[in-house]
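Q: The sequence isn't on hand, but the structure is:
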């Protein structure tokens, strides 16, 4: 019986590792569709979000799945097997470090506190992804696949792409993992439909005109999503607007037309970063506010019940008064 339980446990762990590797590989293929540097560096690298979310949900034991997925992706890109192995190590070490840092500060997967959003931004995304970008760009230069002068442009695209993967994809996966089909009134569904339609319409308008400032019309919808639906609405909206902006940048249309690579990346990542920051921080603040209000309401109810129990009750009188034991049976003198 013990051996069967161990086999089931090991089998479950192996399936989880293979599933993570498959999802990582599929997300990488999607990300490579919009590559901008040497066919393998993109402004949004979804596998980092998949890796960080997988570690947060399943634990450190699934890191071999991340390594396997990263190896399968990079082995087809080159430049050589030793370089691929080092890049794979960097792509694995970065999300593992992000996971360890987040667990160190008591990160909640629900992203229901402001400190959780800040930790994901500065520790999980901006901090830990320095590892993969530095290792990867450095290896490409040492292997001769990049000129030394191209190190910093490649590094910047690699770093921001990995960081955006954590900021945009990981929250979406964490929300999907705990999502339940809501029993909401028809008006709530109508509001959600209007939010989705408005977001897509605004992004279509912004990415098909030459006015870059129209991109920021998406922020009222992100704020709307965070206020009314918290992370369950803000995370998909942030993912949607970032994806549409990246598609426009890759085709160099709308606000990204007639610009060089540096200008495109500055505009794109400034927008994506601001969108992710707005969605994460505002939804976390709203969740904290709602929880505080609920706690205050609960305390008020408890205090009201305690006060009601402490109020003196009016005395009750009975007539005739009960006879005591001494006077029982005695006749009047």
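A: Received the coordinates, thanks. Just so it is clear, the structure is predicted and the values come from calculations on it, not from any experiment.
Q: okay, now the closest residue to residue 290 other than its chain neighbours: neighbour count?
A: Using Cβ to Cβ, 6 or more residues apart in numbering and skipping the chain neighbours, the partner closest in space to residue 290 is residue 230 (7.8 Å). Quick note: C-beta positions are derived from backbone N, CA and C, even for glycine. Neighbours of residue 230 under the rule other Cβ atoms under 10 Å: 21.
Q: How about the contacts made by residue 253?
A: 207, 208 (Cβ atoms under 8 Å, 6 or more residues apart in numbering).
Q: Checking my notes, residue 258 in a helix, right?
A: No - per DSSP: H, G, I helix; E, B strand; the rest coil, residue 258 lies outside any helix segment and is coil.
Q: contacting residues around it?
A: Contacts of residue 258 by Cβ under 8 Å, 6+ apart are residue 252.
Q: The chain should start at 38 in everything you say after this.
A: Renumbered: residue one is now 38, and that last one reads residue 295.
Q: got the buried residues for stretch 156-171?
A: 156-158, 160-171 (16 or more other Cβ atoms under 10 Å).
Q: Now do the same for residue 226: its pLDDT.
A: Note on residue 226: pLDDT of 88.
Q: for residue 353, that is, sorry about that
A: In this model, residue 353 carries a pLDDT of 59.
Q: With residue 349 instead?
A: 68.
Q: Among the buried residues of stretch 156-171, name the ones in strands.
A: Applying DSSP state E to the buried residues of stretch 156-171, no entry is found in strands.
Q: Which ones among those residues lie within helices?
A: Among these, the ones falling in helices (DSSP state H) are 156, 166, 167, 168, 169, 170, 171.
Q: Between these, which sits nearest residue 135?
A: Of all these, residue 166 has the smallest distance to residue 135: 7.4 Å, by Cβ to Cβ.
Q: what about the stretch 138-287 of the chain, any weak spots by pLDDT?
A: Within the stretch 138-287 of the chain, the stretches with pLDDT under 70 are 218-219.
Q: go with 80
A: For the stretch 138-287 of the chain, applying pLDDT under 80 flags the ranges 215-221, 247-250.
Q: Now do the contacts for the residue lying closest to residue 151 once chain neighbours are set aside.
A: The shortest distance from residue 151 to any non-neighbouring residue, by Cβ to Cβ, 6+ apart, is to residue 321 (4.9 Å). Residue 321 sits next to 148, 149, 150, 151, 153, 154, 268 when contact means Cβ under 8 Å, 6+ apart.
Q: Mind giving me the packing neighbours of the helix or strand containing the residue nearest to residue 327?
A: Assessed by DSSP states H and E, residue 267 sits inside helix 255-288. In terms of contacts (3 or more Cβ pairs under 8 Å, 6 or more residues apart in numbering; DSSP states H and E), helix 255-288 is packed against helix 207-215, helix 223-244, helix 298-347.
Q: ok, now how distant is the residue nearest to residue 151 from residue 143?
A: Taking Cβ to Cβ, to the nearest Å as the measure, residue 321 falls 14 Å from residue 143.
Q: quick one: buried residues of the helix or strand harbouring residue 53?
A: Using DSSP H and E, residue 53 sits in helix 39-69. Residues of helix 39-69 classed as buried by neighbour count (16+ other Cβ under 10 Å): 50, 53, 54, 57, 58, 60, 61, 62, 64, 65, 68, 69.
Q: With residue 101 as the reference, measure out to the first one.
A: Summarising the geometry, the distance separating residue 50 from residue 101, computed by Cβ to Cβ, is 9 Å.
Q: one step back: let me see the contact set for the residue nearest to residue 327.
A: Contacts of residue 267 (Cβ under 8 Å, 6+ apart): 320, 323, 324, 327.
Q: host element of the closest residue to residue 181 other than its chain neighbours?
A: Leaving aside its sequence neighbours, residue 181 sits nearest to residue 116 (Cβ to Cβ, 6+ apart; 7.2 Å). Secondary-structure assignment from DSSP H and E places residue 116 in no helical or strand segment.
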